[in-house]
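the following comprises the amino acid sequence and a computationally predicted model.
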Amino acid sequence: MHGTAKAEEYRRFVDDRNQPDWNNSEQWNEFQWEQALKYSDHSAARYFRMLDRFGDLPDAEELIAASLGDLGFFEFDDEFSEDWTEEDEFGDGAETEGSDEGSDPIVPGDAMFFEASPLYKRARQISLGWCNIEASVLAKEDHMWGLIILLHLGRLLSYLSLSIGDGTFVRAVANIAFGKRSLSQINTILGELQTKSQECPKYAGMFNLVSEHLLETHDMLILHVEECRRHNEDDEVA
């Protein structure tokens, strides 16, 4: 019965009348951003349910994609995609020590400013570390669970990139909304790690270390959201 009620709530919420009008997002207030991202969260929740149900099947990706259709996940301007190539991310010199030497500093207003943020860098390191845990530490029966954690980390990075943005806080209410969604992802991951540590004590030490890093990121994120709010208050006064 509870599952049926949840399904009905989802169907009501994803009604076309609730689908966000992203073309007018520049006029949204914080509440409207929350509603739009809640719609996105419901869509993502449906994806996770189907991943849990069909993830072990050989054609899982095709099956899930065909079943979900257009879920209306949040959209954003693709203003810097033309400058971001696969070689930039996975080239031989990526993430090597001293690779930034001689390059111009990234300053507010740069589309890639978020990548230079200590907050984003920390979250990205945690995500890369989890990739290693997924590949070399987790038992085979825990790989699907580990993948779900990785998906939450991916959403964390996505939300963070949009919350930090180019560092100008021109749309502070959006920065706040995406920052709050980032906090939600961290809290979800922390809960999953705690539960798994109780179920599988062999992971406890390692997961405690990951949790410590996540909590430090959480504290940094709180400060970031507070900064966004200050910018929003300044905009309202102006």
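Alright, I've got the coordinates.

going by C-alpha atoms from here, please, whenever you check contacts or count neighbours.
Fine.

helix or strand right after the helix-or-strand element of the chain with minimal mean pLDDT?
The weakest-scoring helix or strand in the chain, judged by mean pLDDT, DSSP states H and E, is helix 86-90 (a mean of 38). Helices and strands here follow DSSP states H and E; after helix 86-90, the next one along the chain is helix 113-116.

packing partners of the biggest helix by length in the chain?
Secondary structure assigned by DSSP state H gives helix 204-237 as the longest helix of the chain. Packing contacts for helix 204-237, counted by 3 or more Cα pairs under 8 Å, 6 or more residues apart in numbering; DSSP states H and E, involve helix 118-136, helix 172-199.

can I get the ones you listed in CSV including distance to residue 28?
As requested, the helices and strands packed on helix 204-237 are exported to CSV (distance: least, Cα to Cα, whole Å):
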stretch, distance to residue 28
helix 118-136, 25
helix 172-199, 8
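
make CSV out of those helices and add distance to residue 164, mean pLDDT and mean neighbour count.
Formatted as CSV, the entries for the helices and strands packed on helix 204-237 read as follows, by distance: least, Cα to Cα, whole Å; pLDDT from 0 to 100; neighbours: other Cα atoms under 10 Å:
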stretch, distance to residue 164, mean pLDDT, mean neighbour count
helix 118-136, 8, 96, 16
helix 172-199, 7, 95, 20
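
output the below-cut-off pLDDT ranges for this structure.
Low-confidence regions of the chain, defined by pLDDT under 70, span residues 1-18, 21-23, 25, 27, 67-103, 234-238.
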